[in-house]
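> Need a 3D model of the following:
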Amino acid sequence: MSETHATISPGAPVFPPGRYGRRREPGRRRPFLLALVAAVLLAILGLVAGKLYSQYGDPEYRAEVITYTGITDSRVVVDFRVTVPPGGSATCLLRARSHDGAEVGHAEVTITARPGQRHVTVSHEVPTTARPFIGEVLRCRPGG
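Numbers count the residues shown, from 1 in each chain. Just a heads-up that it's a prediction; the model follows:
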């Protein structure tokens, strides 16, 4: 071995020449490639989020309960208003619950607005298996 102390940096390990092959230089950083991968990933996530929002989160279909009446041991009448796109239709899921919160009945109703109309007021009877305490609209989605 012909290395001197001047060629070896202090604290660096000393390896016999030729025994472990050629030492690699530290890898070159590639910030452009990393930024490109991050941008592509964000674009894909944005597309997936947009698709899911258009499929499940359409704010055009809103429902609000006006009142629930006609409560008997076998039914409840739910009066509600639905906001739909002009001339569109919606399918709404109605639910009746007992005093302890258990579901005692549900119904699905399709509402169609007249051309140019955005708000539709509906009265629908929900059949129940026990005496209901409340009638409610769970959700509305695009109707078919």
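> Quickly list the domain ranges of this structure.
Per automatic domain parsing, the structural domains of the chain span 27-57, 62-142.
> Mean neighbour count and mean pLDDT added to those, as CSV?
Every residue, glycine included, has its C-beta placed from N, CA and C. Formatted as CSV, the domains of the chain follow (neighbours: other CB atoms under 10 Å; pLDDT from 0 to 100):
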stretch, mean neighbour count, mean pLDDT
domain 27-57, 9, 86
domain 62-142, 16, 92
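> Using JSON lines, lay out those domains together with distance to Pro17.
Putting the domains of the chain into JSON lines (distance: least, CB to CB, whole Å) gives the following:
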{"stretch": "domain 27-57", "distance to Pro17": "23"}
{"stretch": "domain 62-142", "distance to Pro17": "74"}
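> Neighbouring strands of the helix or strand Val78 falls within in the sheet, and parallel or not?
Val78 is part of strand 75-83 when elements are defined by DSSP states H and E. When pairing is defined by DSSP bridges, strand 75-83 lines up against strand 62-69 (antiparallel), strand 119-127 (antiparallel).
> what does the first one contact?
Going back to what we said before, that points to strand 62-69. Residues outside strand 62-69 that contact it (CB atoms under 8 Å, 6 or more residues apart in numbering) are 76-83, 90, 92, 121, 134-137, 139-140.
> before we move on, back to that, give me the residues contacting the strand holding Val78.
Here strand 75-83 makes contact (CB under 8 Å, 6+ apart) with 60-70, 90, 92, 94, 96, 105, 111, 118-128, 132, 134-137, 140.
> Was I right to think Arg131 contacts Asp73?
Yes: using CB atoms under 8 Å, Arg131 makes contact with Asp73 at a distance of 4.8 Å.
> quick one, strands of this protein?
Along the chain, counting by DSSP state E, strands occupy 62-69, 75-83, 89-97, 103-112, 119-127, 134-142.
> Among those strands, which comes closest to Arg30?
Checking the strands of the chain against Arg30 by CB to CB gives strand 134-142 as the closest, at 45.9 Å.
> So which elements touch the closest one?
The helices and strands touching strand 134-142, judged by 3 or more CB pairs under 8 Å, 6 or more residues apart in numbering; DSSP states H and E, are strand 62-69, strand 75-83, strand 89-97.
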